[in-house]
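Peer 1: What follows is a predicted structure for the sequence shown.
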Amino acid sequence: MNEEINQVSEEGYSSNDVKAKRVIVVPGEVIASGEDFLPGDGTYREGNEIIAERYGLSEIVGRVVKIIPLSGAYIPRRNNVVLGRVIDILHSGWLVDIDTAGSSFLPLAETPRFINKHEMNQFLDIGDMVSAKIWNVNGKSVDLAMKGKGLGKLEGGFVFRINPSRVPRVIGKEGSMISLIKENTGCNITIGQNGWVWIKGNDIDSEIKSRRAIEFIAEKVYVSGLTDKMEEWFNNN
């Protein structure tokens, strides 16, 4: 961790000095001071201060202060886009492994077209990879849907995993980081909030380069100026 990050972390943010840099914080650490700030994910207010309740990267988006966790298992949330593998075919849909403790179910009614119940395996078979959206979470049970842009069966390419907590950093603000990787490799890339990544390129070299780039970012989520470092990485690889 460099000196600059340490300095910002120790001093915190004030309402008169809003900085956009992400800073590593620990539970109990003051992130921001002033009534102008609002507590977001992973933070709470105590008096005039916004305090971290978990270890991770602090970030201020507008007036909201939040923590991006650096580790931990995926917690399913409604409207998350996830990748998964079909593990069973039932009479009314498919069981899909999305790397959670509970089961995930994709109903026939939540597919983009009519499917005959006797021909379900022709649409999705055991072992197929899918991109789907979570539309309901009930305890450990997750309901999926494949209606929407970018959702559906993932054909060709390959899948690997990163820590789910690193996904926002890999995607970047408004998709900036993943767009940079796509532009430099020419690959199609889909990243699920559950940490599964699908890559399909014109050749194996471009696919491997995309994977290396994503893993490079995932390993350096705490580094400031990561976009510049990523551009430098592409110039040297």
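Peer 2: In hand now; what should we look at? Here the structure is a predicted model, which is why all the values come from computation and not from measurement.

Peer 1: quick check, residue 106 in a helix?
Peer 2: No. Using DSSP: H, G, I helix; E, B strand; the rest coil, the assignment for residue 106 is strand, not a helix.

Peer 1: What residues are bridge-paired with it?
Peer 2: On the basis of DSSP bridges, residue 106 is bridged to residue 94.

Peer 1: That one: neighbouring residues, count only.
Peer 2: Neighbourhood size, residue 106 [other CB atoms under 10 Å]: 23. The way it works is simple: take the backbone N, C-alpha and C, and place the C-beta from them, glycine included.

Peer 1: And the helices in this protein?
Peer 2: Assigned by DSSP state H, the helices in the chain fall at 3-11, 120-123, 167-171, 176-185, 204-219, 226-236.

Peer 1: Out of these, which gets nearest to residue 27?
Peer 2: helix 3-11 (13.1 Å; CB to CB).

Peer 1: ok, the residue sitting nearest the centre point of the chain - contacts?
Peer 2: Taking CA atoms, centre = their mean as the criterion, residue 167 is the residue nearest the geometric centre of the chain, at 2.9 Å. Contacts for residue 167 (CB atoms under 8 Å, 6 or more residues apart in numbering) come out as 191-193, 195.

Peer 1: measure it to residue 139 for me?
Peer 2: 23 Å (CB to CB, to the nearest Å).

Peer 1: ok, now residue 68?
Peer 2: 26 Å.

Peer 1: The two - which one has more neighbours?
Peer 2: The residue with more neighbours, out of residue 68 and residue 139, is residue 68; 19 against 6, by other CB under 10 Å.

Peer 1: Hmm, that one is touching residue 24, no?
Peer 2: No. With contact defined as CB atoms under 8 Å, residue 68 does not count as touching residue 24 (10.1 Å).

Peer 1: Now for those two: what residues contact both?
Peer 2: Taking CB under 8 Å, 6+ apart as the contact rule, residue 68 and residue 24 both touch 56-58.

Peer 1: tell me which residues in stretch 152-170 are buried?
Peer 2: Buried residues in stretch 152-170, counted by 16 or more other CB atoms under 10 Å: 154, 157, 159, 162-170.

Peer 1: Dump the residues you listed into a markdown table; add distance to residue 102 and pLDDT as well.
Peer 2: Formatted as a markdown table, those follow (distance: CB to CB, whole Å; pLDDT from 0 to 100):
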| residue | distance to residue 102 | pLDDT |
| --- | --- | --- |
| 154 | 22 | 94 |
| 157 | 27 | 91 |
| 159 | 21 | 93 |
| 162 | 21 | 91 |
| 163 | 20 | 89 |
| 164 | 15 | 89 |
| 165 | 19 | 82 |
| 166 | 23 | 86 |
| 167 | 20 | 90 |
| 168 | 23 | 85 |
| 169 | 26 | 83 |
| 170 | 25 | 89 |
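
Peer 1: can you list these in JSON lines and add distance to residue 41?
Peer 2: What follows is the buried residues of stretch 152-170, written out as JSON lines (distance: CB to CB, whole Å):
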{"residue": "154", "distance to residue 41": "29"}
{"residue": "157", "distance to residue 41": "32"}
{"residue": "159", "distance to residue 41": "27"}
{"residue": "162", "distance to residue 41": "20"}
{"residue": "163", "distance to residue 41": "17"}
{"residue": "164", "distance to residue 41": "14"}
{"residue": "165", "distance to residue 41": "12"}
{"residue": "166", "distance to residue 41": "15"}
{"residue": "167", "distance to residue 41": "14"}
{"residue": "168", "distance to residue 41": "11"}
{"residue": "169", "distance to residue 41": "15"}
{"residue": "170", "distance to residue 41": "18"}
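
Peer 1: Out of those, which two are the most distant from each other?
Peer 2: 157 and 165 (23.8 Å).
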